[in-house]
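[1] Build the 3D model from these lines:
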Amino acid sequence: MPQEEPDIDSKKLVPKKIAKKPLLIALFILINIAVIVITAVLEFGNSENAAALSDVKMNWWFLIPATLCFVVALWFEISKYVLIMREMSPDKAKFDYRRARKVARRTVLLGRYYDNITPAAIGGQPFQIYYMRKNSNLPNGVSTSIPVFGMISGQIGFIIIAVLCFLFGSLSIDNAMLIGTACFGLLFYAFWPVTVMIATFLPKATSEIIGLIVKFLAKIHIVKNKDKTIKKVNYEINEYAKCVRKILSTKGLFLKTILMSVIFNTLIAMIPFFVLNAFGGQVDFLPCFVTTVAVTSAVYFVPTPGNAGAAEGTFFVVFSALSSGYVFWAMLVWRFFSYYAYILMGPIIYMRMHYERKREKKD
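    Model prediction:
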């Protein structure tokens, strides 16, 4: 007898939807601009030694490969989601690539947007699950598992790159403390992949553990309806485990997603090299790449939105090859690719969504 699907209110996974009124859309955009300005001031406002922009001499053409790395990396990340959606589709013959790519693009970009505005990046996956459930036309269990598996495969891809860098490239940099901190950071990267695998292959044990947690939360009056909550959790875990097992058992799918994630993380880690060269830095590729990977790993466990504060201070190791007057501008450009671009794309996508709904109502 098929398991009855409980009444799951996926809207509770994320904050309320942005209102449709143009005035509130405009207010939302202004809030995002304020976030960018405030964050930039906090991160870079004390750079008194920065050279005047008019005095900065740049090799502008190096920003072309930096931009290409960013764009191509996003293309691979979005394509990874499209690939998983197609393989998990109940009817591949009727699979709509155009619609799937649109859903995948917004899932990825808005997920990154919420990651970068919430502490410890806790907002990305809940929103992605909510958006996928509402727009992908896939079963709820599948829509839940795809964003989580997308995140997990991305973390595994980064771990592969980091391990290779630390094993074969660590001698190219003279900073044992950084490598040690980076290895510690990899433990945080590995936490979710290991947890997800346990939940996938030991769903009953996971359900029992979560059941105990729910009962405890009910006793301290955080959870109101204990039985209903446990039923929902058990359903979600069973559906999620089933879908992840299907992803893992689909021929070649797991390896393809990991490969795409490796390419994504490799391209993102190459950006600082081109930014440094744009500002006249004389650096070799391998030491710059290994240092970037090590620093990225080292700041992963910092719980601020977008690793703000820690990222700038730690990435100074990468950009210290420049003269002091140029460090500010180089780090600002790098921060655009790694942080501000996602915050800018968030409200742009919301505007597109608003006007699409408006057009649909007229039609």
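
[2] Tell me the helices and strands packed up against the longest helix along the chain.
    The helix that spans the most residues within the chain, counting by DSSP state H, is helix 140-168. Using 3 or more Cβ pairs under 8 Å, 6 or more residues apart in numbering; DSSP states H and E as the contact criterion, the secondary-structure elements in contact with helix 140-168 are helix 63-88, helix 97-117, helix 124-135, helix 176-201, helix 226-249, helix 253-278, helix 285-298. Placement of C-beta: from N, CA and C, glycine included.

[3] do you know which of those lies nearest residue 328?
    helix 253-278 (12.4 Å; Cβ to Cβ).

[4] Which strands and helices lie in contact with the closest one?
    Helices and strands touching helix 253-278, as assessed by 3+ Cβ pairs under 8 Å, 6+ apart, comprise helix 63-88, helix 140-168, helix 226-249, helix 285-298, helix 310-319, helix 324-335.

[5] at 7 Å instead, please
    Packing partners of helix 253-278 (3 or more Cβ pairs under 7 Å, 6 or more residues apart in numbering; DSSP states H and E): helix 63-88, helix 140-168, helix 226-249, helix 285-298, helix 324-335.

[6] Buried residues in it, which are they?
    By neighbour count, with 16 or more other Cβ atoms under 10 Å as the criterion, the buried positions of helix 253-278 are 253-254, 256-278.

[7] residue ranges with poor pLDDT in the stretch 201-350 of the chain?
    236-237, 239-240, 243, 300-326 (pLDDT under 70).

[8] tell me the SS of residue 221?
    In terms of secondary structure, residue 221 is coil; the call rests on DSSP: H, G, I helix; E, B strand; the rest coil.

[9] would you turn the helices and strands packed on helix 140-168 into CSV with distance to residue 213?
    CSV is the format used below for the helices and strands packed on helix 140-168 (distance: least, Cβ to Cβ, whole Å):
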stretch, distance to residue 213
helix 63-88, 29
helix 97-117, 24
helix 124-135, 18
helix 176-201, 13
helix 226-249, 9
helix 253-278, 29
helix 285-298, 30
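
[10] Can you say which of those helices is nearest to residue 334?
    helix 253-278 (5.0 Å).

[11] Quick check: residue 343 touching residue 115?
    No: in terms of Cβ atoms under 7 Å, residue 343 does not count as a neighbour of residue 115; the distance is 10.3 Å.

[12] Check what pLDDT residue 31 gets.
    The per-residue pLDDT reported for residue 31 equals 60.

[13] before we move on, what about residue 86?
    In the predicted model, residue 86 carries a pLDDT score of 90.

[14] What about it, how many residues nearby?
    Other residues lying near residue 86 total 14 when counted by other Cβ atoms under 10 Å.

[15] which one is it nearest to, not counting chain neighbours?
    residue 95 (5.3 Å; Cβ to Cβ, 6 or more residues apart in numbering).

[16] in terms of contact, does the one you found touch residue 87 like I think?
    No: Residue 95 is beyond contact range of residue 87, at 9.6 Å (criterion: Cβ under 7 Å).

[17] between the two, which one's more packed in?
    The neighbour comparison of residue 95 against residue 87 (other Cβ under 10 Å) goes to residue 87, with 18 against 15.

[18] Contacts only, for the more buried one.
    Residues in contact with residue 87 (Cβ atoms under 7 Å, 6 or more residues apart in numbering) are 250, 253.

[19] If you drop the residues flanking it in sequence, what lies closest to the residue sitting nearest the centre point of the chain?
    The geometric centre of the chain, computed from its C-alpha atoms, lies nearest to residue 112 (Cα atoms, centre = their mean), at 4.5 Å. Taking Cβ to Cβ, 6+ apart as the measure, residue 112 lies nearest to residue 342, with 4.3 Å between them; neighbours along the chain are not counted.

[20] cool, and residue 150?
    Once its chain neighbours are removed from consideration, residue 150 has its nearest residue in residue 81; the separation is 5.7 Å (Cβ to Cβ, 6+ apart).

[21] residues contacting that neighbour?
    Listed by Cβ under 7 Å, 6+ apart, the contact set of residue 81 reads 104, 107-108, 146, 150.

[22] Most tightly packed of the helices and strands packed on helix 253-278?
    helix 285-298 (a mean of 23; mean count of other Cβ atoms under 10 Å).

[23] what's the offset of it from the middle of its chain?
    Once both centres are worked out by Cα atoms, centre = their mean, to the nearest Å, helix 285-298 turns out to sit 19 Å from its chain's centre.

[24] Tell me which other helices or strands it touches.
    Using 3+ Cβ pairs under 7 Å, 6+ apart as the contact test, the elements touching helix 285-298 are helix 140-168, helix 176-201, helix 253-278, helix 310-319.

[25] And those helices: which comes nearest residue 354?
    When those are ranked by proximity to residue 354 (Cβ to Cβ), helix 140-168 comes first, at 22.5 Å.

[26] Rounded mean pLDDT for the closest one, please.
    Helix 140-168 comes out with an average pLDDT of 87.

[27] That helix versus helix 176-201: what angle between them?
    Comparing the axes of helix 140-168 and helix 176-201 via axes from the mean of the first three to the mean of the last three Cα atoms, to 10 degrees yields an angle of 150 degrees.

[28] name the element the residue nearest to residue 112 belongs to?
    Using DSSP states H and E, the secondary-structure element containing residue 342 is helix 341-362.
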